[in-house]
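**Q** sequence first, predicted coordinates after that:
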Amino acid sequence: MLVFCALFLANGTAPSRLVWIGSLSLAVAVLPLAASLAGSAPGVRFDRAATAFLGCVLGLAVWMAISMLWSLSPDRSWGEVNRSLVYAAFALAGLVLGSWLPRPAVTGARVAAVLLGLVYGWALLAKSVPALYPDYGRLARLRAPLGYWNELALLGAIGVPVALWLSAPRARRTAERAAGAVLLFAAALVTLLTYSRVGVLLAGLAAVAWIMLSRDRVESLAALVLGGCVAGVVFGCALALPGITSDGEPRSARAHDGAIFAAVTLVAAAVVALGAIALVRYERRHPLENVYRRRVEQAAAVAGIALVVVGTVVSVAFAHRIWGEFANPVGSQISSSKGHLASLNSSNRWRWWQEEWSAFTAHPGGGTGAGTFQLTDLRLRTTSLVTADEPHNTPLQFLGELGIVGLLLYLGAVASATAGVVAARRRSTGDERAAVTALGLVLAVFALHTVVDMDWSYVATCGPLLLVAGLLLGRKPGSVEPGVSSRRPFVAVAAVLVALGVVYSLAAPWLSQRALAAGLTVSNAERAHSYDPLSTEALTDWAALLDARGQTLRALRLYKDAVALEPESSDTWWALGSFYYGHKAWPQAFSALSRSWQYDRYGPAGEPCGLLDQARHKALGVWPASCPRGSPRPASP
């Protein structure tokens, strides 16, 4: 239920959903653990890898909380602390379940197959029926139910090893193998319709890795060819339907082409299922001898090596052109249309990575504070066309926002999870070993995807995948010697109290936003500030309302409090400068608005002949030659 809610109800990065999904994750994780500590549930024991993994994930949250002391935006950092605590709860839930379940990997893989099938089904259905996701009329790129195409592509890529595990012949009935082939078809089709280049690449790498690690290579190759080729055909049909793959199409075109696409997809799924059943029956009537099996494997290996060699030669031959397109000029942003798959453009990632690296070199010890990349981007950007909240590189984001400590904690979590998965695979046998392999590849795909995108911002993917990591690292109670008595009621009570404190931490910023959204009144702004004393939005709204009432000195104090909280925010300096300008304090207005321009040259302070130029003229008598002397003063925010 927890993973289902995260996948279908998280609504992107919406803070309101994080509150109740996070509270649910805490209940799922902490209550069973507390019951175990109190002696009323089976014992829970973690080995070294599991302890290190959970410690690093929790350590990230703690270090984010500490970074609030020097953060450029303590309020944003608080939000990141809350998100990371929720992820730690997901990981803990996985560890507890992994300790209790007799075959956690097999159970996890089966549940993953069902949930991924539901996600793919809903994604394709929402593309076919306009009423289910009206925003496809604006932008056709597949993204429901997650709201972001690259995160949906991540789910498509991780579905490949799960589907190949399900379609493997060992201990599998015909219906299960057919379901695995259909799941593989759906995963490939969904990934292609997201137009995610990295998603397609990772899906291919996951398939290759599974074939290399699996004992049933020929059967996996057959399932891969069947599901992948049919998915490619359906994707080709989709490209010919404007209502499916073109932006800005009317609802009538989407409904017409959606019906065609749905029919083609259903027929294709039926073909894949029937083809898989036919292959299974043929295998049973005509078992493949080892000598022929080896020949097929060798032919596939030769084809793979040839493909790698050709790709390497082409990359070397066109390296300069490829790099030039990847490190594109910052003023150009790659389109999200169906031509996206054929482009090598980095979508401004290279610029954002450089900005975050600059932030790290300026603050190598502790970074700029969790969740503050947008302030770095606004200060360093050289165009007004594109801005971002994250650099689309999670390890680099931790390095820039949390310093070397943050990166080491992230790498520690990856390393401990890797060690735990390797150990789990070594000690398991049969179908459990195959399931560990499949889920281990799922986590590998996730780790690679974090290098090129902002996965940490999406509870729909990060939460469930950290739960999978915990599931694989969890140990049965008898597999680790207990060091102390399992009955620790005081620790159980403390765990519940900490969980309740985290729930309050999750709810406070959300309650503050609700208070502000209820209406711009002094009481609402004051209540918002009481919920979230780090919110500069609450302070500036409160100050503006007090200023309108004539309480100038108190309003000025609140504006200065906002600047003190976020001294490198263009917005806080703009609000203070606008206040000074309204009260004809020209030198102070010019100074504050200049600071606003310093931290965002393309924001409101950078508007030609705008408030900053007006304040400069009033304070210094200097007027830009490009501005007529009688230019009207622009409206303040």
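**A** Structure's in. What do you need? Nothing here was measured: the structure is a model prediction, and the numbers come from that model.

**Q** all helices of the stretch 51-200 of the chain, in order?
**A** With helices called from DSSP state H, counting those that start in this stretch, the stretch 51-200 of the chain shows them at 74-100, 104-128, 149-166, 174-193, 197-213.

**Q** ok and the second one relative to helix 174-193, angle-wise?
**A** Okay, so that is helix 104-128. Here helix 104-128 runs at 50 degrees with respect to helix 174-193, directions being taken by axes from the mean of the first three to the mean of the last three C-alpha atoms, to 10 degrees.

**Q** name the helices or strands packed onto helix 104-128?
**A** Counting contacts by 3 or more C-beta pairs under 8 Å, 6 or more residues apart in numbering; DSSP states H and E, helix 104-128 packs against helix 2-9, helix 149-166, helix 174-193, helix 251-285, helix 430-449, helix 459-473. The way it works is simple: take the backbone N, C-alpha and C, and place the C-beta from them, glycine included.

**Q** avg pLDDT for that helix?
**A** Averaged across helix 104-128, pLDDT comes to 95.

**Q** and that helix, what's buried?
**A** 104-113, 115-117, 119-120, 122-124, 126-128 (16 or more other C-beta atoms under 10 Å).

**Q** same thing with the shortest one?
**A** Of the residues in helix 197-213, those buried under the neighbour-count criterion (16+ other C-beta under 10 Å) are 197-211, 213.

**Q** before we move on, what about stretch 258-266?
**A** 258, 260-262, 264-265.

**Q** what of stretch 88-106?
**A** Within stretch 88-106, the residues that count as buried by 16+ other C-beta under 10 Å are 88-100, 104-106.

**Q** output it as PDB, nothing but the C-alphas.
**A** Only the C-alpha atoms of stretch 88-106 are listed here, as PDB (Å, rounded to 0.1, in the frame of the first residue of the first chain):
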ATOM      1  CA  ALA A  88      15.100   6.900   5.600                       C
ATOM      2  CA  ALA A  89      11.700   5.600   6.700                       C
ATOM      3  CA  PHE A  90      11.200   3.800   3.400                       C
ATOM      4  CA  ALA A  91      14.700   2.200   3.800                       C
ATOM      5  CA  LEU A  92      13.900   1.200   7.400                       C
ATOM      6  CA  ALA A  93      10.600  -0.300   6.300                       C
ATOM      7  CA  GLY A  94      12.400  -2.400   3.700                       C
ATOM      8  CA  LEU A  95      15.000  -3.600   6.300                       C
ATOM      9  CA  VAL A  96      12.200  -4.600   8.700                       C
ATOM     10  CA  LEU A  97      10.300  -6.500   5.900                       C
ATOM     11  CA  GLY A  98      13.500  -8.100   4.700                       C
ATOM     12  CA  SER A  99      14.100  -9.400   8.300                       C
ATOM     13  CA  TRP A 100      10.600 -10.900   8.500                       C
ATOM     14  CA  LEU A 101       9.900 -12.400   5.100                       C
ATOM     15  CA  PRO A 102      11.100 -15.900   4.400                       C
ATOM     16  CA  ARG A 103      12.100 -15.100   0.800                       C
ATOM     17  CA  PRO A 104      12.200 -11.300   0.600                       C
ATOM     18  CA  ALA A 105      13.800 -11.000  -2.900                       C
ATOM     19  CA  VAL A 106      11.200 -13.300  -4.500                       C
END
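
**Q** extract the residue ranges of the stretch 401-550 of the chain that are flagged as low pLDDT.
**A** The stretch 401-550 of the chain contains residues with pLDDT under 70 at 476-486.

**Q** endpoints of stretch 353-370, how far apart?
**A** Its start and end residues considered, stretch 353-370 measures 16 Å (C-alpha to C-alpha, to the nearest Å).

**Q** how far does that stretch sit from the chain's center?
**A** 21 Å (C-alpha atoms, centre = their mean, to the nearest Å).

**Q** any buried residues in it, and which?
**A** Residues 353, 355-356, 359-360, 363, 366-370 are the ones in stretch 353-370 that count as buried (16+ other C-beta under 10 Å).

**Q** which outside residues touch it?
**A** By C-beta atoms under 8 Å, 6 or more residues apart in numbering, the list of residues contacting stretch 353-370 from outside reads 64, 66-68, 70-74, 76-77, 80-81, 84, 373, 375-377, 380-381, 391-393, 396-406.

**Q** got it, and stretch 532-546?
**A** So stretch 532-546 is in contact with 68, 73-75, 78, 508-509, 511-512, 515-516, 520-522, 525-526, 528-529, 554-556, 558-559, 561-562, 565-566, 569, 571-572, 575, 579, going by C-beta under 8 Å, 6+ apart.

**Q** model confidence for Ile146, exactly?
**A** Heads up, residue 146 is Leu, not Ile. At Leu146, pLDDT is 93.

**Q** was I right to think it contacts Ser457?
**A** No. Using C-beta atoms under 8 Å, Leu146 is not in contact with Ser457, being 11.4 Å away.

**Q** these two: which is more packed in?
**A** Counted by other C-beta atoms under 10 Å, Leu146 and Ser457 do not tie: Leu146 has more neighbours, with 25 against 20.

**Q** and that one, its phi and psi?
**A** Dihedral pair for Leu146: phi -90, psi -20, per degrees, to the nearest 10.

**Q** ok, it - contacts?
**A** 7, 10, 12, 152, 155, 458, 460-461.

**Q** separation between the residue positioned nearest the centre of the chain and Leu116?
**A** Taking C-alpha atoms, centre = their mean, the centroid of the chain lies closest to Asp455, which sits 2.2 Å from it. Per C-beta to C-beta, to the nearest Å, Asp455 is found 16 Å from Leu116.

**Q** same check on Gly204?
**A** For Gly204 relative to Leu116 (C-beta to C-beta), the value is 18 Å.

**Q** cool, and Gly232?
**A** When distance is defined by C-beta to C-beta, Gly232 is 20 Å away from Leu116.

**Q** the helix or strand containing Ala306 packs against which elements?
**A** According to DSSP states H and E, Ala306 maps onto helix 290-317. If you count contacts as 3+ C-beta pairs under 8 Å, 6+ apart, helix 290-317 packs onto helix 217-239.

**Q** again, only this time at 10 Å
**A** helix 197-213, helix 217-239, helix 319-326 (3 or more C-beta pairs under 10 Å, 6 or more residues apart in numbering; DSSP states H and E).
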